[in-house]
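# Please find the sequence and the predicted model below.
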Amino acid sequence: MDNIDLPEDYKVGFKYFMGTKIDLSKKPLIPREETEYWVSSALKEIKARKNPRCLDLFSGSGCIGVAILKKTEESFCDFGDKENSFLEQIKINLEINGILKERYDIVKTDIFSNIKKKYDFILANPPYVALSRIGEVREDVRRHEPSVALLGGEDGLDLIRGFLLKAREFLKEKGVVFMEFDEEQKKEIERILEKNYSKTDFFKDQFNKYRFLRLEK
Ligand SMILES: C[S@@+](CC[C@H](N)C(=O)[O-])C[C@H]1O[C@@H](n2cnc3c(N)ncnc32)[C@H](O)[C@@H]1O
């Protein structure tokens, strides 16, 4: 019998992300506080831009884009994920938060395969756990959270590579990318990026670990 308890947030059925209620009934990745930390930083920039067009890629529950739509008045945000159940989950979260349909599209996509527009901001929390390090992930997470939301291939960088090599094409002039990653991956990510973007910055999270990057087109 499986005696590893279901995570509390799945039992409760929802979680607050940046003060926004996020339903978890389809069991997407449970939103993390590290993600909340960098999205708060992105939000300041988004608020400073006129009619910002955003893309929340690898959106899962939709927590990132829903919080942005809720906290800004004139923004638009598209959501991309490859899993049907999470596309449903995003819809539920947009509806319970009262977001008007004119402000978003939900796209079934394999990274950028079905993305057709260009954006001022692309926000991405891809799956980035390395298969070789799955043993270090907490057992309740491994047992109950979706592996499609966690695993990024042998070194954890499969989705990150595919994302970083393409993201620039989907940015408008002065467009910005924010992406979450694991500290261990910083060196390899620097190598992948080379000189593809005009400006690259790496930032630490609230626990003093490198956790997100910001790229300018
Ligand atoms: C780490 S979760 C992020 C969820 C949410 N954005 C968050 O921050 O809590 C990654 C998401 O990427 C999706 N995903 C995995 N592979 C994908 C792919 N090739 N293309 C698009 N989405 C993918 C998974 O279904 C999952 O919902």
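Received the coordinates, thanks.
# for the ligand, what are the nearby residues on this protein?
Within the chain, the positions adjacent to the ligand are 28-29, 31, 35, 58-61, 63-64, 80-83, 86, 109-111, 125-127, 148-149, 159 by C-beta under 6 Å from any ligand atom. (C-beta placed from N, C-alpha, C; glycine too.)
# got a pLDDT number for Asp140?
In this model, Asp140 is scored at 88, pLDDT.
# what's the answer for Asn3, then?
59.
# cool, and Arg133?
88.
# next one: the one 10 residues further on
Per-residue pLDDT puts Arg143 at 89.
# can you check the one 3 residues further on too?
In the predicted model, Pro146 carries a pLDDT score of 91.
# for Glu136, same thing?
Taking Glu136 on its own, its pLDDT is 89.
# Pull the contacting residues for Lys26.
85-86, 88-89, 92 (C-beta atoms under 8 Å, 6 or more residues apart in numbering).
# What remains of those residues if I keep only buried residues?
86, 89, 92 (16 or more other C-beta atoms under 10 Å).
# what's the distance between Lys217 and Thr200?
Per C-beta to C-beta, to the nearest Å, Lys217 is found 11 Å from Thr200.
# Looking at the two, which is more packed in?
Lys217 (19 against 16; other C-beta atoms under 10 Å).
# wait, that one sits on Lys174?
Yes: contact criterion C-beta atoms under 8 Å: Lys217 and Lys174 qualify, at 6.7 Å.
# pull the CA atoms of the longest strand belonging to the chain into PDB?
For the chain, the strand that runs over the most residues, judged by DSSP state E, is strand 171-180. The C-alpha coordinates for strand 171-180 follow below in PDB (Å, rounded to 0.1, in the frame of the first residue of the first chain):
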ATOM      1  CA  LEU A 171      10.000  38.200 -28.600                       C
ATOM      2  CA  LYS A 172       9.000  41.600 -29.900                       C
ATOM      3  CA  GLU A 173      11.500  44.400 -30.000                       C
ATOM      4  CA  LYS A 174      12.600  45.000 -26.400                       C
ATOM      5  CA  GLY A 175      11.100  41.700 -25.400                       C
ATOM      6  CA  VAL A 176      12.200  40.000 -22.200                       C
ATOM      7  CA  VAL A 177      12.400  36.300 -21.100                       C
ATOM      8  CA  PHE A 178      12.200  35.100 -17.500                       C
ATOM      9  CA  MET A 179      13.000  31.500 -16.900                       C
ATOM     10  CA  GLU A 180      13.400  29.300 -13.800                       C
END
